[in-house]
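A.B. asks: Predicted model, plus sequence, below.
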Amino acid sequence: MKITSIEPTTLHLPYEERIRKAYYHFAMSEQVTVYQFHTDSGLVGLGENCGPPVDQTVLDRYLGTDPFDHVMGTGTFNLDMACYDLMGKHLGLPAWKLMGQQARQWVSMGWWMPSMSPEDSAAEVEEAAGRGYRGLKCKARAFYDVVECALAIHEVAPPDFRVEFDFNGALICVEKALPVLRELEKIPVVKGIEEPIFAYDIEGWRRLHREIRIPFYLHGVRVLCEGASRQPSGPWTGLRAGDFEGALCSHENIRDALAAGWAFAAANTPILLQYVGTGITAAFACQLGAVMPTATLPGVTASHCWVDDLIVTDHTIQRGFMKVPGGPGLGVELDEEAVEKYKAYKTPEWPRHISIVKLPGDIDHYYKNLQQAERLMKEGVDESFATGVRFEEWEDDGSERFDNLWHRLQQQDWPIWD
């Protein structure tokens, strides 16, 4: 069996209406590319990535090869999943059988959301719980009161619901992190913290560990090093030292993911699978999760975010677990009608906007966009995680004041303090 051609199809797939504008402000693209790997045997394998197609030179590396050449692949998972889909279809077996021994038939799978107001966070949790999810990974950013958000979530969440806040280092250092984390650990729904401070601050993590009971999760699980290196990887060092209670296998290639699965199993440390995409990628994440011994933290695919998951039969969710598809390969079938529909879809033109960090005392700080606010507040340019801080997007209302502020913000990389 040889791969004879690769057909990339770029779609404009809308997010669900209630969250669509928030996701746009969070700089999340509605572009999705689906890959169909055609073979000389007539079988077709599925892959995908969020965003535009990968460069043709990357695709060329697969042309003329046998899908079995990519067992334990070190290429991007978005394309290697198509090889596993083909291998499984060729043998009439689910892809997980080519990855290892089955550890589970249902994989823990969670909901995802960006940072939102306490009210919107609570509403999103109700939506997630209503669709059968019991775990949530939520971005925590300096321009929202994360403690207030957690309390709002706790008020509406089912008793068995859990939340993990992903700070991406936004708490900066121990001095800034301790007061916030001490408040969060009082709220039962908060079950995990991802990268509270910068990952390189190893001693800072250890100091926080001595003070805070909430489990800490590292972003990254890579335990292998290329070549003859005698230096262990960062995750491997932290794993052996006990510097974290879990870690994210986030978009790792298949070889590194499976290797980490066994290393983390030996350390009895859980893994959170994070592979973002539609129902195609969710199927791939389930195949991985079926064989990774400690992939027990609620995974993240965000496949629930789009109006369509691009597969014929929806994934089954029950009390926070997604059923591993049982068919050959990835176990899902591409919805050709949906592909045709969203090929022709056009992303709307969004109005200009200004991001406003609303601090206690009726103080407004204006930013070019959310990304600038996130970056500069992490650098200490503005007060972060103030009690009661709020965040708003001011859309172009046609006023002279908006236009003047907008143009001033485009000319500098600083906020404007009102």
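C.D. replies: Everything's here; your move.

A.B. asks: For residue 7, what is the enclosing helix or strand?
C.D. replies: strand 3-12 (DSSP states H and E).

A.B. asks: Check which residues of that strand are buried.
C.D. replies: 3, 6, 8, 9, 11 (16 or more other Cβ atoms under 10 Å). To be clear about C-beta, it is placed using only N, CA and C from the backbone, and glycine gets the same treatment.

A.B. asks: How many neighbouring residues does the nearest residue to the second one once chain neighbours are set aside have?
C.D. replies: Sequence neighbours aside, residue 59 is the residue nearest to residue 6 in space, at 4.8 Å (criterion: Cβ to Cβ, 6 or more residues apart in numbering). Number of residues near residue 59 (other Cβ atoms under 10 Å) recorded here: 18.

A.B. asks: pretty sure residue 59 belongs to a helix, no?
C.D. replies: Yes: checked against DSSP: H, G, I helix; E, B strand; the rest coil, residue 59 lies within a helix.

A.B. asks: Could you pull up the contacting residues of it?
C.D. replies: 6, 8, 35, 53, 79 (Cβ atoms under 8 Å, 6 or more residues apart in numbering).

A.B. asks: Report the separation between it and residue 36.
C.D. replies: 12 Å (Cβ to Cβ, to the nearest Å).

A.B. asks: Same question for residue 77.
C.D. replies: 17 Å.

A.B. asks: more crowded one of these two?
C.D. replies: Between residue 77 and residue 36, counted using other Cβ under 10 Å, residue 77 has the larger neighbour count: 24 against 18.

A.B. asks: Which of the buried residues of strand 3-12 sits closest to residue 68?
C.D. replies: Nearest to residue 68 out of the buried residues of strand 3-12 is residue 3 (Cβ to Cβ; 10.8 Å).

A.B. asks: Could you tell me how far the longest helix anywhere in the chain lies from the centre of the chain?
C.D. replies: Counting by DSSP state H, the longest helix found in the chain is helix 77-91. Helix 77-91 sits 22 Å away from the centroid of its parent chain (Cα atoms, centre = their mean, to the nearest Å).

A.B. asks: host element of residue 112?
C.D. replies: Going by DSSP H and E, residue 112 is part of strand 111-113.

A.B. asks: Export the buried residues of strand 3-12 as a markdown table, with columns for distance to residue 269 and pLDDT.
C.D. replies: Below are the buried residues of strand 3-12 laid out as a markdown table (distance: Cβ to Cβ, whole Å; pLDDT from 0 to 100):
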| residue | distance to residue 269 | pLDDT |
| --- | --- | --- |
| 3 | 37 | 98 |
| 6 | 37 | 98 |
| 8 | 37 | 98 |
| 9 | 39 | 98 |
| 11 | 37 | 97 |
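
A.B. asks: phi, psi of residue 365?
C.D. replies: Taking degrees, to the nearest 10, you get phi -110, psi 130 for the backbone angles of residue 365.

A.B. asks: and it, what does it touch?
C.D. replies: Per Cβ under 8 Å, 6+ apart, neighbours of residue 365: 356, 357, 359, 382, 415, 416, 417, 418.

A.B. asks: if we go to 7 Å?
C.D. replies: Contacts for residue 365 (Cβ atoms under 7 Å, 6 or more residues apart in numbering) come out as 357, 359, 382, 415, 417, 418.

A.B. asks: in the sheet, who's paired with it?
C.D. replies: Per DSSP bridges, the residues bridged to residue 365 are residue 357, residue 417.

A.B. asks: show me where pLDDT drops low in the chain?
C.D. replies: 227-232 (pLDDT under 70).

A.B. asks: now do 80
C.D. replies: 225-234, 418 (pLDDT under 80).

A.B. asks: Outline the domain layout of it.
C.D. replies: Using automatic domain parsing, the domain ranges for the chain come out as 3-98, 106-328, 353-417.

A.B. asks: Kindly check the end-to-end length of the first one for me.
C.D. replies: It stands for domain 3-98. Terminal residues of domain 3-98 lie 18 Å apart, using Cα to Cα, to the nearest Å.

A.B. asks: next one: the second one
C.D. replies: In terms of Cα to Cα, the two terminal residues of domain 106-328 are separated by 17 Å.

A.B. asks: Measure how the strand holding residue 7 sits relative to helix 77-91, angle-wise.
C.D. replies: For strand 3-12 against helix 77-91, the angle by axes from the mean of the first three to the mean of the last three Cα atoms, to 10 degrees is 130 degrees.

A.B. asks: and strand 3-12, what other elements does it pack with?
C.D. replies: strand 31-39, helix 336-343 (3 or more Cβ pairs under 7 Å, 6 or more residues apart in numbering; DSSP states H and E).

A.B. asks: Would you reformat the ones you listed as TSV and include distance to residue 92?
C.D. replies: Below are these laid out as TSV (distance: least, Cβ to Cβ, whole Å):
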stretch	distance to residue 92
strand 31-39	15
helix 336-343	23
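
A.B. asks: do you know which of the ones you listed lies nearest residue 272?
C.D. replies: Using Cβ to Cβ, the nearest of the helices and strands packed on strand 3-12 to residue 272 is strand 31-39, at 22.7 Å.

A.B. asks: okay, that closest one in CSV with CA atoms only?
C.D. replies: C-alpha atoms of strand 31-39 as CSV (Å, rounded to 0.1, in the frame of the first residue of the first chain):
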residue,chain,number,x,y,z
GLN,A,31,-10.3,27.9,9.5
VAL,A,32,-9.9,24.1,9.5
THR,A,33,-8.0,22.0,7.0
VAL,A,34,-9.0,18.4,6.4
TYR,A,35,-6.5,16.0,4.7
GLN,A,36,-7.5,12.9,2.7
PHE,A,37,-4.6,10.5,2.1
HIS,A,38,-5.3,8.5,-1.0
THR,A,39,-3.6,5.2,-1.6
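
A.B. asks: The helix or strand that that strand is followed by: partners in the sheet, and parallel or antiparallel?
C.D. replies: As assigned by DSSP H and E, the chain's next helix or strand after strand 31-39 is strand 44-50. Take DSSP bridges as the rule and strand 44-50 pairs in its sheet with strand 31-39 (antiparallel).

A.B. asks: The stretch 201-350 of the chain: strands as residue ranges?
C.D. replies: 216-219, 246-250, 271-274, 297-300, 317-318, 321-323 (DSSP state E, counting those that start in this stretch).

A.B. asks: Nothing else from me, thank you.
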